[in-house]
Every structure is written in structure tokens, then in C-alpha cells.
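Peer 1: Fold the following.
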Amino acid sequence: MNEKIGKYRWTICGLLFFATTVNYLDRQVLSLLQPYLSGSDMFNWSNSDYANITSVFQFGYALSMLFAGRIIDKLGTKRGYAWAIVIWSLAAIIHAAAIPIGESISVVLGWFGIAGFSISVLGFMFSRAVLAFGEAGNFPAAIKATAEYFPKKERSFATGIFNSGSNIGAILAPLTVPWIQKNWGWEWAFIIMGLVGFVWLIFWLLYYEKPEKQKRLSAAELAYIKSGEEEIAATTAETDNKVSWVKLLGYKQTWAFAFGKFMTDGVWWFFLFWLPAFLKVQYGIVDKAVMLPLATLYTIAMIGSIVGGWFPVYFIKKGYTAYDGRMKAMLLIAFFPLVILLAQPLGYISYWVPVLLIGIGASAHQAWSANIFTTVSDMFPKKAIASVVGIGGMAGGIGGVVTSKLGGWLFDSYKYAGIAKSWIDAKAAGLGDYVSKLQSLNLVNKKGETIDLNKVDLRNLPKEVTEQLQSINTGMFEKLLQLQKPLVAAEMSTSYAIMFAICAVAYLIAWIVMKTLVPKYKPITDL
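Peer 2: The predicted structure follows:
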């Protein structure tokens, strides 16, 4: 059957898969470099600094998603996707110039008497904002292309396949970025990943065209792609008229999709941006050692994306509508992230236990994502799909900001609590005079920035500051270091347990609200 119909639509799916791979390669470079950058004398970031940088990306992504859908709808899939990858690839490259960019921004802010962020944080915040604007075009364009090239019954499977590119990107990044950083410098990690996008652009321009104009597409395959559209086409005129956001927000279907994205996108952002930091803090895994755990985790997630995209077909074959079959599949998928609740309690066995459990949770997210995206094309006409995906993407981005800021605040708060406990225990252990001396010192790093020992644990001090503290009394410094280490680790473990609990229950909450808003399949026929 497929031989007669043709398979060119899967070539398009392959293009979407590779674009999504590039998308996640670019956005994950920073999270892999974070353990190195935050600990270096040049940057010396706190968890809140890193949370601010990631939040700029997420907030920028959220706002850009709202407009990205409209832009994609207006420019068309081919031109819109091309512009998106040009912008995000250039943005990936300019991360390498974060320091001079930050210096320039600092000067401008100084004219207005504004201060508050270090130069490196400013430079990365700017670079991430531009990256967010470009990357926001990926999913609206990919979902629109999927709706153009696939019949309804194949869309979730096709979405699952191209969405698995996010996992391939997440797998390839830890296998390449640490090596590039160690051998060529952190700047080249951004530059090389950014250049990959321009390679994809060549193939996109060569092979993509709207199905009606695609010369490589057979008449039989075009007819197959159009099958199943009758129920909406009979009552909906597919014109080029714009659909206002206000009108789209009048539908419960829009709100169901947006709420589902708000609740669950932040979970994926948390995994993507914080897992390298988690492995460093909890298990001391850094640099090349992080490659295998992260590659394993995202390989598990990739399987979830593909299987999750296929899962609704089981219910559809039993007679359910595409939407109702998808919602049944999503309910079952929503239970799998609950295993993340065991990540911290069982983490003492081996770091592989949380890696595998979080991998199952990440796999469930990708299965969920493959289906929630497709609910839009189930119910909305093609002219509104990218716009609705953009609205949902904005909601997901805001959810990501909330999750990232909450994580940064929790991690720093619990770390500070661990440091405070170490001072109390140190005094009880006879180190009171030494602690008092340390706390009375005016400590600064090479850049002249003040070091607060109540906020930076002894393991992460700049080398010159560590040497200064050791010069007072080397033996007492080592005793204090050994006393503080487990206390901070225990507090950080609690903070991660809280975040994992939030991630675990997010999907069930999202499903309940989505099902309440749209209990049964109801396509939009009045746009």
C-alpha cells in the first residue's frame, strides 16, 4: 500500500527531525558548560545567576512563541522555518562573544545608572534572548509542516519522530560539547553548533515545498495526505484570512493546550538546563564523565517520543476519535513521571538510579509532548495551527521561567542553609576562632568582586581566595571543608527532591484540567 502511495512525506519528517536535533544541540550547550563556567574565575556564577540566564531564554522563548506562530502563518512554512534557523544559528555563535557583548551592555546600562548583573551574565542573557527568538519558530513551523504533509491518523507518529530529534540533540551535545570545550575552548562549542544549522538550511531550501506545489510528491500520496480532512473542510473555508488571538483565546481547546504546556514544559526545561548541575553537585560528575549518563538518559527519552507518538493509534483502531484516543494515551503516560519521586530516596545506591528514573520521566515527557502538540491539529484548521501552537508555546515558556527561577531560588536557599549549619557545627567542633577570622575577612576574586562565604561553599571558591584562607591555617581549613561538604550536599539533596516532586505530579494535574476543559472531541469549524 505504502509503495503505491509514496513516501516523500517521510523525507519532510526527516528534515523536521534534523532541525529539531539542531535546535536542541544549540540550546543545551550552555547547560553542559555551566559546571565549568560557574566555577571558573572568569564567571563564578551562583545558582541564581544561572537561573537568571536560563529564565531570559525561557521568557524570551515564551513571548517569541506567541509571535512565532503568527509569523510562520504569514510567511509560510518554508520561509518562516528558514528565517528561524538563520536567527537561532547566528545567536548560538554570538554566545562565544558573551564577554565583549556584556561589557558593551554594561556601559550602556551605566549611562542610565543601572547595575546589578556581572558582565558575563549580561552577555549570556543577551545571547540567550536572541537564541530564544529564533528557536521559538521551530515547533510552530514543524507542527504546521506536519499538518500539511500528513493525514490526521499519522500526525502524532510523525510528530513523535521529529520530536525525538530533541533527544538526539540532547544525546549528541554531551558527547561533543565537553570534548570541544576541553580541547578547543568553550567558545568553539557555541560556534561549531551554530554552524550546523546553516548546513540544514541548504537541504530545507532544496527539498521543502507546499504539498500542492511539490513536484516530488505523487498524486496518490497527495490524495492520501488530504484524506480525513472532509469533516472540517465541509464546514470550514481554508482561506488565508488571519485569525485573531482574541478569537483563538475564546476556545476552551486553546486554553486546554496552553495549560497542558504551562504545566509540563517547565519539567523538560528543568531536565535540560539543570541535570548537568545536579550530577556535579550530588555526585561530583563533571566534564567528560557527564557524557555517558546524559547520553543514556536522553536515549531513553527518545524511545518515549517515538513510542508515545504511536501509542494513540492503539485506541484509534478501537474506534476512538483521534483526540479521544490521544487523551487516553496521555492519561497513561502521565503516570510514568511519578517514578521520579524515587530518584533522591534511592540515589544513595548509585548515580545511575536517578539517571535511569529521570530518563523514564523524560521519556514520558517526550511521549506526552508528541501527543499534546497533535491535539492542536486534531481540532483547529491549518491556518490557525501555528498560532495556537505559539500561544501554547508562550504558556510553556512561562512555565519554564517559573520552574527555572524556583529551582535557582531553592538551590541557593538550601545551599545557604547548609553553609549556615556548617558554621554552627564548626564552632561546636572548636573551630570558632578560625570561622570568626574567615567571616571578618574582606575577600575578593581577581576581578575585584566580593566573595561572601555565607553564599559560596568552600569547594567552589576561586583559587586565589582558597589560598588566602589556607594561609591562615591549612589544617583548620581542611577540617572546615570536610565538615561543610556533607551538610551542603544534604541540603542540596532536599532541594532537588522538592523539584523532582513538582516534576512528577505536573502531568496528572495537566491532564485533569485539559480533560475538564475539553471532555470530548470537538473540532473548531467557525474560523
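
Peer 1: C-alpha from now on. contacts and neighbour counts both.
Peer 2: Fine.

Peer 1: In the protein, where is pLDDT below threshold?
Peer 2: Residues of the chain meeting the criterion pLDDT under 70: 1-3, 41, 112-116, 228-242, 447, 527.

Peer 1: Spatially central residue for it, please.
Peer 2: The centroid of the chain falls nearest to residue 269 when counting by CA atoms, centre = their mean (3.3 Å).

Peer 1: any idea how far that one is from residue 42?
Peer 2: When CA to CA, to the nearest Å is the yardstick, residue 269 and residue 42 sit 26 Å from each other.

Peer 1: do the same with residue 127
Peer 2: The gap separating residue 127 from residue 42 is 17 Å, by CA to CA.

Peer 1: what number of residues lie near residue 471?
Peer 2: Neighbours of residue 471 under the rule other CA atoms under 10 Å: 11.

Peer 1: Residue 462 against residue 38, yeah?
Peer 2: No. Counting by CA atoms under 8 Å, residue 462 stays clear of residue 38, with 10.6 Å between them.

Peer 1: what's the overlap in contacts for these two?
Peer 2: Counting by CA atoms under 8 Å, 6 or more residues apart in numbering, the residues touching both residue 462 and residue 38 are residue 44.

Peer 1: Secondary structure element holding residue 146?
Peer 2: Residue 146 belongs to helix 138-149 when assigned by DSSP states H and E.

Peer 1: In contact with residue 416, which residues?
Peer 2: Counting by CA under 8 Å, 6+ apart, residue 416 touches 454, 455, 456, 488.

Peer 1: Cross those residues against helices and list the overlap.
Peer 2: Residues of the contacts of residue 416 located in helices (DSSP state H): residue 488.

Peer 1: circling back: what residues of the helix holding residue 146 count as buried?
Peer 2: Neighbour counts over helix 138-149 (16 or more other CA atoms under 10 Å) mark 138, 139, 140, 141, 142, 143, 144, 145, 146, 147, 148, 149 as buried.

Peer 1: Residue 127 and residue 42: which has the busier surroundings?
Peer 2: Each of residue 127 and residue 42 has its neighbours counted (other CA under 10 Å); residue 127 has more, 26 against 15.

Peer 1: any idea which helix or strand comes after whichever helix or strand residue 263 is part of?
Peer 2: For residue 263, the host element (DSSP H and E) is helix 252-283. On the C-terminal side of helix 252-283, the closest following helix or strand by DSSP H and E is helix 291-317.

Peer 1: Let me know the angle separating the helix or strand just after that next one from helix 291-317.
Peer 2: From helix 291-317 onward toward the C-terminus, using DSSP H and E, the following helix or strand is helix 322-335. Using axes from the mean of the first three to the mean of the last three CA atoms, to 10 degrees, the inter-axis angle of helix 322-335 relative to helix 291-317 is 140 degrees.

Peer 1: What's the first helix or strand after helix 322-335?
Peer 2: Next along the chain after helix 322-335, taking DSSP H and E as the criterion, comes helix 352-379.

Peer 1: ok, residue 66 - contacts?
Peer 2: Applying CA under 8 Å, 6+ apart, the residues contacting residue 66 are 387, 390, 391, 392, 393, 394.

Peer 1: And the last one, how close does it get to residue 65?
Peer 2: Between residue 394 and residue 65 the computed distance is 5 Å (CA to CA).

Peer 1: What does residue 444 show for phi and psi?
Peer 2: With angles defined as degrees, to the nearest 10, residue 444 sits at phi -140, psi 150.

Peer 1: ok, and the closest non-adjacent residue to residue 394?
Peer 2: Leaving aside its chain neighbours, residue 394 sits nearest to residue 62 (3.7 Å; criterion: CA to CA, 6 or more residues apart in numbering).

Peer 1: Make sure I have this right: that neighbour is in a strand.
Peer 2: No. Using DSSP: H, G, I helix; E, B strand; the rest coil, the assignment for residue 62 is helix, not a strand.

Peer 1: and it, how many residues sit next to it?
Peer 2: Using other CA under 10 Å, residue 62 has 27 other residues around it.

Peer 1: go on, residue 442?
Peer 2: Neighbour count for residue 442, taken as other CA under 10 Å: 9.

Peer 1: Now it. Nearest residue, chain neighbours left out?
Peer 2: Closest to residue 442 by CA to CA, 6+ apart is residue 450, at 7.3 Å.

Peer 1: And for the one you found, the neighbour number?
Peer 2: Counted with other CA under 10 Å, the neighbours of residue 450 add up to 11.

Peer 1: go on, residue 317?
Peer 2: Around residue 317 there are 12 residues (other CA under 10 Å).

Peer 1: dump the residue contacts of the residue nearest to residue 442.
Peer 2: Counting by CA under 8 Å, 6+ apart, residue 450 touches 442, 443, 444.

Peer 1: is it possible to export those residues to CSV including distance to residue 419?
Peer 2: Below are the contacts of residue 450 laid out as CSV (distance: CA to CA, whole Å):
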residue, distance to residue 419
442, 18
443, 17
444, 19
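
Peer 1: which of those lies closest to residue 91?
Peer 2: Set against residue 91, the nearest of the contacts of residue 450 by CA to CA is residue 444 (32.8 Å).

Peer 1: Great, nothing more from me.
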